[in-house]
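[1] With the sequence up front, the predicted model follows.
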Amino acid sequence: EDQVTQSPEALRLQEGESSSLNCSYTVSGLRGLFWYRQDPGKGPEFLFTLYSAGEEKEKERLKATLTKKESFLHITAPKPEDSATYLCAVQSTTGKLIFGQGTTLQVKP
Amino acid sequence: DAGVIQSPRHEVTEMGQEVTLRCKPISGHNSLFWYRQTMMRGLELLIYFNNNVPIDDSGMPEDRFSAKMPNASFSTLKIQPSEPRDSAVYFCASRFEGTEAFFGQGTRLTVV
């Protein structure tokens, strides 16, 4: 069964304190791993897509990496506006898009 | 494009009533997903369509839930009869082929 597990569930950082979020997955034929950001009261907003092990993507203070079993979202020198829930999703060969439970990040000034 | 449009944004209904949630996907997208989000269970995939055809409805909780996609620009999720445990935020998302999915703003459903 396709499964996505994210850790930690919650993370509190001081502004400028870098850290990483983890997404572990088991899927029948990975056809893409997606990272999303969700703010309270809104729908998830797309950040990155990774397709193969070793691939990396960057956007401002965020960098996503992928191995055969997990993905990391690295946050460098975060700011309070980076506070949100970060969701990881995997797409299998059937086209299903399965999400993890998310990591809620709080960055304090 | 205005993005994925869901209606209504909020719905409060009494137990036993029928509820219909609506979604207009982004023009040109050929896959559509319905998700349910709760604090306990996170974002659960209920059903997804490809080219208007239901591909996987294994996430639909029970027969009280049904979804249709009569054409490429409209989909509905119906709950009949509704129960308090159906209270959640329901999201619709669309995408083209295997690219990233775009989400609507969601419908917050409260069943009292």
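    Looks like it came in fine. Numbers count the residues shown, from 1 in each chain, chains lettered A, B, ... in the order given.

[2] Could I get the buried residue list for stretch A:77-88?
    By 16 or more other Cβ atoms under 10 Å in any protein chain shown, the buried positions in stretch A:77-88 come out as A:78, A:82-88. Every residue, glycine included, has its C-beta placed from N, CA and C.

[3] Residue 89: helix or strand, and which one exactly?
    No chain in the question, so chain A it is. strand A:84-91 (DSSP states H and E).

[4] nope, chain B please
    If you go by DSSP H and E, B:V89 is part of strand B:88-95.

[5] so which residue of chain B comes closest to chain A?
    Chain B approaches chain A most closely through B:F103 (3.4 Å), counting by Cβ to the nearest Cβ.

[6] And the helix or strand following the strand holding B:V89, what does it pack against?
    Remark: after strand B:88-95, the chain's next helix or strand is strand B:102-103, criterion DSSP H and E. In terms of contacts (3 or more Cβ pairs under 8 Å, 6 or more residues apart in numbering or on different chains; DSSP states H and E), strand B:102-103 is packed against strand B:88-95.

[7] In the sheet, which strands lie alongside the strand it packs on, parallel or antiparallel?
    Strand B:88-95 sits in its sheet next to strand B:31-38 (antiparallel), strand B:102-103 (antiparallel), strand B:107-111 (antiparallel), going by DSSP bridges.

[8] Next, the buried residues of the longest one.
    By neighbour count with 16+ other Cβ under 10 Å, strand B:31-38 contains the buried residues B:31-37.

[9] Appreciated, that's everything.
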